[in-house]
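Q: Predicted model follows, preceded by the sequence.
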Number of protein chains: 2
Amino acid sequence: MNDVTPEPELPHAVALAWGVAANPQRGPKRELSIERIVDTAVDIADAGGLSAVSMSSVAAALGFTTMSLYRYVTAKDDLVMLMQERGIGVPPETIAEASGWRAGLSLWAAEQTAVYGRHPWLLDVPIAGTPATPNNLAWLDAALQTLAGTPLDQHERLSIVLAVMAQSRWEGLVSRSYEEAARQAGITPDDIDARGSAMLEQLVTAEEFPAVYEALHAGVFGPAGPSPFPFGLARIIDGVEGYFAGRKGAPPEPVDPLLDRAEREPKVREAAKARREAEKQLREARKRERQALAAARDRLSRK
Amino acid sequence: MNDVTPEPELPHAVALAWGVAANPQRGPKRELSIERIVDTAVDIADAGGLSAVSMSSVAAALGFTTMSLYRYVTAKDDLVMLMQERGIGVPPETIAEASGWRAGLSLWAAEQTAVYGRHPWLLDVPIAGTPATPNNLAWLDAALQTLAGTPLDQHERLSIVLAVMAQSRWEGLVSRSYEEAARQAGITPDDIDARGSAMLEQLVTAEEFPAVYEALHAGVFGPAGPSPFPFGLARIIDGVEGYFAGRKGAPPEPVDPLLDRAEREPKVREAAKARREAEKQLREARKRERQALAAARDRLSRK
DNA sequence: GTGAACTGCTTAAGTCATACACAGTTAAGT
DNA sequence: ACTTAACTGTGTATGACTTAAGCAGTTCAC
């Protein structure tokens, strides 16, 4: 009977995001629109964070009553989801134009971080399952596209994209917390570094946290240091390159049942055994090196 | 005059976490304690998420009035910070005992993710500048420790640790959103995958999102796939290894001038040379293993 | 033209953090 | 021993929040 229902019923916010939500036919002409509501909500969030977005603040900014918004959105969660979709926007085409997957993926990450810089409140929007809205899918598509020419299988590609997402998000989160702290104290982010560093010096002893102590006194937490994030991303990309550079022409065979059997071949088992032996040798060499280094250091310090 | 003030004044919650907050001398005996308050708050969060933690819910669970908690905590933010400190706990010693930095760092990440599995609400605690509480510093220290034997400088080490943090956190976040969605719909996480996959199939066209389309029809978003996270982490670790394997003898410039001189000692140089030789052997063993595996696979497939 | 569907609005219920004033309790200072 | 200042847990109150329910008025389908 109800042929209207398109398919297994999309969540209302998803339907709105795709513009396929049922529009009312009868009744008075609508004075508001979802677009206007989401736009003003985004403006408020840009100015005062996600916590400044309340149904009443949005309604007031539009000159309507709070409850009128519920004629357009079933719950505040819907609004927040639509805000996220609008805030993240469309990925720039420059990503697709980048030469090579390294540059493409780096640019993707940089652009993603830049979005978090423009709309820091995006980081407060709770993650709700698979992203199923157009802009979110466009970002995902852009990221996967950069890996299109590589000999990675689809699972591996998604893994890498998720890893890079993690980095962008984390960078956005940490950067925001710095800027937030600086703004709240009325000082520059550099001063925040200096202050945090001073606080740590007060708390961190060489006995309790030796590694942090060492890093602290190397000035790592101090001001004016280089951003720690690009280095990490570069290592990911290196790791990906090394991964498929190692298997040169070898076709990417993901869930290969043959691989399983191949691993049981005598020659392969022999090679694996040799590799494990080499690993052991390396571990021991490293240990010896550490010991020699520690002994030398000790000797020098006692002089 | 006021010699009591220890230093540039720690935030109240930090002082509480270190147990150095000023204890009141006069007045009636305290019936509650910060420990009991934090413990019950953690229990509530474990059961119902961070949103279930309100000053009144905690107070009610303890059999006290809401406002009594404010005699122990200046604001709810303090309580949440202390909850985070308690929830993250102490890193297990197995991390320090792991053989080699690869294993150590992987284990650190796995343990961190496990903590997020036990206390998912930790992911909702807002990040507030440099972590300055004992347990958080202990985790940071454990991570930096794993890299102690590597030729990375302190900045690079922190970069890597931040990158790995990003991965754990992201894995925790994504996993939680799956489990949450599954619990809310009353089905298994696998069914959530199936449902999400079905929804995407309804929305993703080959024209608009070619890369997502391809991944989707390779079954990447479907149920029963392998976790995408270990692969990404492994690539980071590969990237780190490749990074300092590449700059061979180039001495890392540590803070310690003694270490610098110690590295020039003949015995240490000899050990380093042996270690490099072992690394070379391992690389070759790995290469032979890959070749043997590829050959065996080839033979099997041609049958 | 009638009725169902829809509009935006008002009121109200329930939750939340927390400021403030209160009476009772303890220890320091005299 | 007595005063006083510090501190306890409590009750009340305020302003903010989401959203359910009911309102009179408006528009389209039949």
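A: Received it, and whenever you're ready, just let me know what you need. As the structure is a computational prediction, the values presented were derived from the model and not from experiment.
Q: What's the local residue count around the closest residue to residue A:62 other than its chain neighbours?
A: Nearest residue to residue A:62 in three dimensions, chain neighbours excluded: residue A:40, at 5.6 Å (Cβ to Cβ, 6 or more residues apart in numbering or on different chains). Placement of C-beta: from N, CA and C, glycine included. Neighbour count of residue A:40, defined by other Cβ atoms under 10 Å in any protein chain shown: 18.
Q: Please report the distance of residue A:40 from residue A:15.
A: 21 Å (Cβ to Cβ, to the nearest Å).
Q: ditto for residue A:136
A: 15 Å.
Q: ok, now residue A:199?
A: Distance from residue A:199 to residue A:15, by Cβ to Cβ: 49 Å.
Q: ranges for the helices of chain A?
A: A:12-18, A:34-48, A:55-62, A:76-88, A:94-97, A:101-118, A:134-146, A:154-185, A:189-203, A:210-217, A:229-246, A:257-262, A:266-302 (DSSP state H).
Q: Could I get the pLDDT score of the closest residue in space to residue A:88 that isn't next to it in sequence?
A: Leaving out its chain neighbours, the residue that sits closest to residue A:88 by Cβ to Cβ, 6+ apart is residue A:135, at 5.3 Å. We have a pLDDT of 96 for residue A:135.
Q: which residues are in contact with stretch A:20-37?
A: The list of residues contacting stretch A:20-37 from outside it, by Cβ atoms under 8 Å, 6 or more residues apart in numbering or on different chains, reads A:4, A:6, A:10, A:12, A:15-16, A:58, A:62, A:64, A:68-69, A:71-73, A:79, A:82.
Q: care to break chain A down by domain?
A: A:12-88, A:94-288 (automatic domain parsing).
Q: The last one near DNA strand D anywhere?
A: In this case it means domain A:94-288. No. Residues of domain A:94-288 are not located near DNA strand D by Cβ under 7 Å from any atom of the strand, the shortest gap being 13.0 Å.
Q: Quick one: end-to-end length of that domain, please.
A: End-to-end distance for domain A:94-288, by Cα to Cα, to the nearest Å: 50 Å.
Q: Centre of the chain to that domain, how far?
A: Counting by Cα atoms, centre = their mean, to the nearest Å, domain A:94-288 is centred 9 Å from the centre of its parent chain.
Q: is any part of that domain close to DNA strand C?
A: No. Using Cβ under 7 Å from any atom of the strand, domain A:94-288 stays clear of DNA strand C, coming no nearer than 14.4 Å.
Q: so who does residue A:122 touch?
A: A:84, A:87-88, A:115-116, A:172.
Q: Do you know the pLDDT at it?
A: At residue A:122, pLDDT is 98.
Q: if I look at residue A:106, how far off is residue B:209?
A: In terms of Cβ to Cβ, residue A:106 sits 22 Å off from residue B:209.
Q: Number of residues surrounding the nearest residue to residue A:189 once chain neighbours are set aside?
A: Excluding the flanking residues, the one nearest residue A:189 by Cβ to Cβ, 6+ apart is residue A:182, at 4.6 Å. Residues lying near residue A:182 (other Cβ under 10 Å) number 18.
Q: got the contact list for residue A:182?
A: Taking Cβ under 8 Å, 6+ apart, one finds A:188-189, A:191-192 in contact with residue A:182.
Q: ditto for residue A:78
A: Residue A:78 neighbours (Cβ under 8 Å, 6+ apart): A:12-13, A:16.
Q: got the buried residues for stretch A:207-219?
A: A:209, A:211-218 (16 or more other Cβ atoms under 10 Å in any protein chain shown).
Q: So for it, mean pLDDT?
A: 92.
Q: and it, C-alpha only, in PDB?
A: Below are the C-alpha coordinates for stretch A:207-219, written out as PDB (Å, rounded to 0.1, in the frame of the first residue of the first chain):
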ATOM      1  CA  GLU A 207      62.700   8.700  38.700                       C
ATOM      2  CA  GLU A 208      59.000   8.500  38.100                       C
ATOM      3  CA  PHE A 209      58.800   9.500  34.400                       C
ATOM      4  CA  PRO A 210      62.300   9.200  32.900                       C
ATOM      5  CA  ALA A 211      61.300   9.300  29.300                       C
ATOM      6  CA  VAL A 212      59.000  12.300  29.800                       C
ATOM      7  CA  TYR A 213      61.600  14.000  31.900                       C
ATOM      8  CA  GLU A 214      64.200  13.600  29.100                       C
ATOM      9  CA  ALA A 215      61.800  14.900  26.500                       C
ATOM     10  CA  LEU A 216      60.800  17.800  28.700                       C
ATOM     11  CA  HIS A 217      64.400  18.900  29.200                       C
ATOM     12  CA  ALA A 218      65.000  18.600  25.500                       C
ATOM     13  CA  GLY A 219      62.500  21.300  25.100                       C
END
